[in-house]
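Visitor: Got a sequence here, can you model it:
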Amino acid sequence: MTYLKYRKDNGYVVGVYDSQPVHEDGYLIAQDDSYKPGDEFEFYIVVTEVRDGVVLSSACVRQAPPAAYLLQKLTEKDNKIKNLETQLQVTQEALDFIILGGM
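Guide: Next up, the predicted model:
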């Protein structure tokens, strides 16, 4: 069983996960057993029907290899940016603690 994270407005799947992903505004999550992680890069997947949090119907079309490569690289960059933002926040909190003397 995997989890699909898809756009609320059009059903476009942006991620396939082994464990339940973090919810983000504008996206929904549903369980599915048709796809595996990484398929979101190889296929254009659209969720068409969900009931009780389980995908009942979806459609997919194989993407051209260059498109799949670009989508994968874009996702890697997005993840790197999120990690850097988290590191920046932790560093800022540590600096605030040092500058304010532990207040």
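Visitor: quick one, helices of this protein?
Guide: 39-42, 65-99 (DSSP state H).
Visitor: will you turn these into JSON lines that also has mean neighbour count, mean pLDDT and distance to residue 2?
Guide: No exception for glycine: its C-beta is placed from N, CA and C like everyone else's. Shown next, in JSON lines, are those (neighbours: other CB atoms under 10 Å; pLDDT from 0 to 100; distance: least, CB to CB, whole Å):
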{"stretch": "helix 39-42", "mean neighbour count": "20", "mean pLDDT": "92", "distance to residue 2": "9"}
{"stretch": "helix 65-99", "mean neighbour count": "11", "mean pLDDT": "91", "distance to residue 2": "16"}
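Visitor: With respect to residue 8, which of those lies nearest?
Guide: In terms of CB to CB, the element of the helices of the chain nearest to residue 8 is helix 39-42, at 16.3 Å.
Visitor: got the contact list for that closest one?
Guide: The contact list for helix 39-42, computed with CB atoms under 8 Å, 6 or more residues apart in numbering, reads 13-16, 45, 60, 62-63, 68-69, 71-72, 75.
Visitor: According to the record, where do the domains of the chain fall?
Guide: What automatic domain parsing lists as the domains of the chain is 1-63, 64-103.
Visitor: Tell me which residue lies nearest the centroid of the protein.
Guide: residue 15 (4.4 Å; CA atoms, centre = their mean).
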